[in-house]
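K.L.:
Have a look at this fold, sequence not included:
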Ligand code: COA
């Protein structure tokens with residue numbers, strides 16, 4: 001055995017290069033080309049490989065030391081036979097470091113296709129190898145930089161000596177991920193809205209939103225993003241319906257019952273769902289099936305001071321107008337009094353949003369997923385309608401059917417609203 005000094009090889013023009021990491025300790029058995037220390041200059045970090053095989057006798061530098069070519073890094077105990085090769089190899093190492101650093105200086109900004117494939121492959125290998133993370137070679141300053149950027153170093157392809165990750169690699173990785181995010185935003189990704197400080201323009205007050213408002217915001221956003229939505233508009237002549245309803249209400253008033261137009265909308269929708277069951281369905285999550293429901297539960301959008309609530313009238317097809325009048329009024333009252341239990345809010349197969357009591361000519365409701373359609377009703381108005389001979393005053397109700405185009409075709413939607421219009425125009429059809 002003989003003692004052999006391992007010195008800093010020729011490191012080009014760099015001088016006073018900092019030792020940023022020591023990768024071995026006294027007594028370590030080291031093979032030829034094993035990394036010993038990491039040096040970092042202003043321009044690059046470099047790993048110094050062992051020119052010989054042997055045992056580390058002593059380490060002559062510490063982290064933070066500044067070294068130049070020729071300075072002793074450590075002393076190795078080596079077999080005598082290794083000596084001639086060692087000297088030769090030491091020169092090889094020096095020149096290889098020069099080549100690497102020169103290659104790095106001339107490294108093109110863009111990654112070639114082959115490099116990209118290799119990077120992808122090495123990323124895949126890292127994904128497969130659970131121990132890969134601990135094998136990442138990078139100096140402390142690079143690790144610190146990665147921590148600051150939130151970068152998982154095991155995902156960064158090192159371009160340094162022996163695959164060592166250097167600062168430039170971390171920067172390139174971050175740039176690459178950011179540009180991917182930008183291109184994602186063009187497709188499915190949603191670019192974030194900028195945060196605006198409105199107080200710059202005048203006085204503001206920040207008010208908490210109720211839990212109902214927050215929950216419906218999440219549901220509506222999810223529906224908006226997931227459902228390819230189309231709205232079919234139509235009109236119903238409810239002149240006859242309105243005179244029938246008013247007549248009945250005079251009689252029913254004694255019993256404390258009032259039929260609003262909503263009750264008739266429910267009956268018309270039930271008739272529509274019985275005729276076109278594809279509207280009383282949900283898409284199966286596998287995308288290959290549709291789930292037809294054999295029950296008809298109608299959700300009613302109710303405005304409350306805390307936000308929108310949708311209680312459900314179960315088995316609406318089995319209930320008459322008077323029963324529906326009582327139940328819808330009860331559910332709306334309970335929703336406003338916040339006394340609904342959770343069961344009353346679940347299991348709707350189709351929803352009606354009736355804004356006619358408030359106003360408006362038309363609107364496009366959002367489907368209450370996982371249902372596939374929703375009926376929006378606006379305010380009925382008396383219009384002059386030509387009957388072939390004359391213009392007559394008729395009460396015209398605007399209808400808007402929004403539907404999930406993955407489940408419903410446009411022609412089906414047109415048939416459905418046409419069916420609703422006919423049933424609402426002739427209340428006798430509700431009995432069928
Ligand atoms: N056209 C003309 N008038 C209408 C009408 C229409 N489409 N719908 C209701 N009206 C009238 C009613 O006849 C009633 O008038 P009257 O008192 O003279 O008889 C008046 O408007 C009020 O009716 P309303 O209280 O709305 O009862 P309703 O049974 O029709 O509706 C709710 C009940 C729960 C649907 C309703 O109160 C509600 O909350 N609507 C808002 C739903 C909502 O926010 N949807 C948005 C979802 S995105």
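P.N.:
That came through, no problem. Remember, it's a predicted structure, so these values are computed and weren't measured experimentally.
K.L.:
list the contacts for the residue in the chain that the ligand sits nearest to?
P.N.:
Proximity of the chain to the ligand (CB to the nearest ligand atom) peaks at residue 356, 1.9 Å away. C-beta coordinates here come from the backbone N, C-alpha and C atoms, glycine included. By CB atoms under 8 Å, 6 or more residues apart in numbering, the contact set of residue 356 is 261, 377-380, 397.
K.L.:
So which residues of the stretch 151-300 of the chain form helices?
P.N.:
Taking DSSP state H, counting those that start in this stretch as the test, the helices found in the stretch 151-300 of the chain are 167-186, 211-226, 239-252, 261-275.
K.L.:
so which of those helices is the most packed in?
P.N.:
helix 261-275 (a mean of 22; mean count of other CB atoms under 10 Å).
K.L.:
near the ligand, which residues of the protein?
P.N.:
Counting by CB under 6 Å from any ligand atom, the positions of the chain adjacent to the ligand are 260-262, 300-303, 308, 332, 353-357, 365, 377, 379-380, 397.
K.L.:
Would you mind giving the helices of the stretch 151-300 of the chain as a markdown table with mean pLDDT and distance to residue 321 added?
P.N.:
Compiled in a markdown table, the helices of the stretch 151-300 of the chain are given as follows (pLDDT from 0 to 100; distance: least, CB to CB, whole Å):
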| stretch | mean pLDDT | distance to residue 321 |
| --- | --- | --- |
| helix 167-186 | 76 | 51 |
| helix 211-226 | 92 | 29 |
| helix 239-252 | 95 | 8 |
| helix 261-275 | 97 | 5 |
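K.L.:
What pLDDT is listed against the residue of the chain closest to the ligand?
P.N.:
Each residue has a pLDDT score; the one for residue 356 is 96.
K.L.:
what sits against residue 19?
P.N.:
Counting by CB under 8 Å, 6+ apart, residue 19 touches 37-39, 61-67.
K.L.:
That one: helix or strand, and which one exactly?
P.N.:
Using DSSP states H and E, residue 19 sits within strand 17-22.
K.L.:
What's the first helix or strand after that strand?
P.N.:
By DSSP H and E, the next helix or strand past strand 17-22 is strand 29-30.
K.L.:
Run me through the strand neighbours of the strand holding residue 19, direction for each.
P.N.:
Here strand 17-22 is paired, per DSSP bridges, with strand 35-40 (antiparallel), strand 66-67 (antiparallel).
K.L.:
Let me know the next secondary structure element after the first one.
P.N.:
It stands for strand 35-40. Downstream of strand 35-40, the first helix or strand assigned by DSSP H and E is strand 45-49.
K.L.:
for the last one, same thing?
P.N.:
Sequence-wise, the next helix or strand beyond strand 66-67 is strand 72-78, with elements assigned using DSSP H and E.
K.L.:
Please point out which parts of that following strand sit buried.
P.N.:
Neighbour counts over strand 72-78 (16 or more other CB atoms under 10 Å) mark 73-78 as buried.
K.L.:
Regarding the protein, what is its longest strand?
P.N.:
Longest strand in the chain by number of residues, with DSSP state E as the criterion: strand 391-404.
K.L.:
so that one versus helix 261-275, what angle?
P.N.:
Interaxial angle, strand 391-404 versus helix 261-275 (axes from the mean of the first three to the mean of the last three CA atoms, to 10 degrees): 60 degrees.
K.L.:
Just want the angle from strand 391-404 to helix 211-226.
P.N.:
Using the same axes, to 10 degrees, strand 391-404 lies at 80 degrees relative to helix 211-226.
K.L.:
Which parts of the stretch 251-400 of the chain are strands?
P.N.:
281-283, 290-292, 298-300, 302-304, 307-309, 312-313, 350-354, 373-377, 381-386, 391-404 (DSSP state E, counting those that start in this stretch).
K.L.:
Just say which of those strands is most tucked in.
P.N.:
Using mean count of other CB under 10 Å, strand 373-377 ranks as the most buried of the strands of the stretch 251-400 of the chain, with a mean of 27.
K.L.:
Which neighbours in the sheet does that one have, and how are they oriented?
P.N.:
When pairs are called by DSSP bridges, strand 373-377 turns out to pair with strand 350-354 (parallel), strand 391-404 (antiparallel).
K.L.:
neighbours around residue 146, how many?
P.N.:
23 (other CB atoms under 10 Å).
K.L.:
Tell me if I am right that it is in a strand.
P.N.:
No: going by DSSP: H, G, I helix; E, B strand; the rest coil, the assignment for residue 146 is helix, not a strand.
K.L.:
Look up the closest residue to it, ignoring the ones flanking it.
P.N.:
residue 153 (4.9 Å; CB to CB, 6 or more residues apart in numbering).
K.L.:
next one: residue 30
P.N.:
Closest to residue 30 by CB to CB, 6+ apart is residue 50, at 4.9 Å.
K.L.:
so residue 424, which of the three states?
P.N.:
Applying three-state DSSP: residue 424 is helix.
K.L.:
Enumerate every residue touching residue 41.
P.N.:
With CB under 8 Å, 6+ apart, residue 41 has these contacts: 11, 14, 17-18.
K.L.:
let's see 6 Å
P.N.:
Neighbouring residues of residue 41 by CB atoms under 6 Å, 6 or more residues apart in numbering: 14, 17.
K.L.:
And residue 360, by the same measure?
P.N.:
378-379.
K.L.:
just the one 10 residues further on next, same as before
P.N.:
With contacts taken as CB under 6 Å, 6+ apart, residue 370 has the following neighbours: residue 282.
K.L.:
which residues does residue 309 bridge with?
P.N.:
According to DSSP bridges, the residues that bridge with residue 309 are residue 302.
K.L.:
Nearest to residue 196 among the strands paired with strand 17-22 would be which one?
P.N.:
strand 35-40 (42.7 Å; CB to CB).
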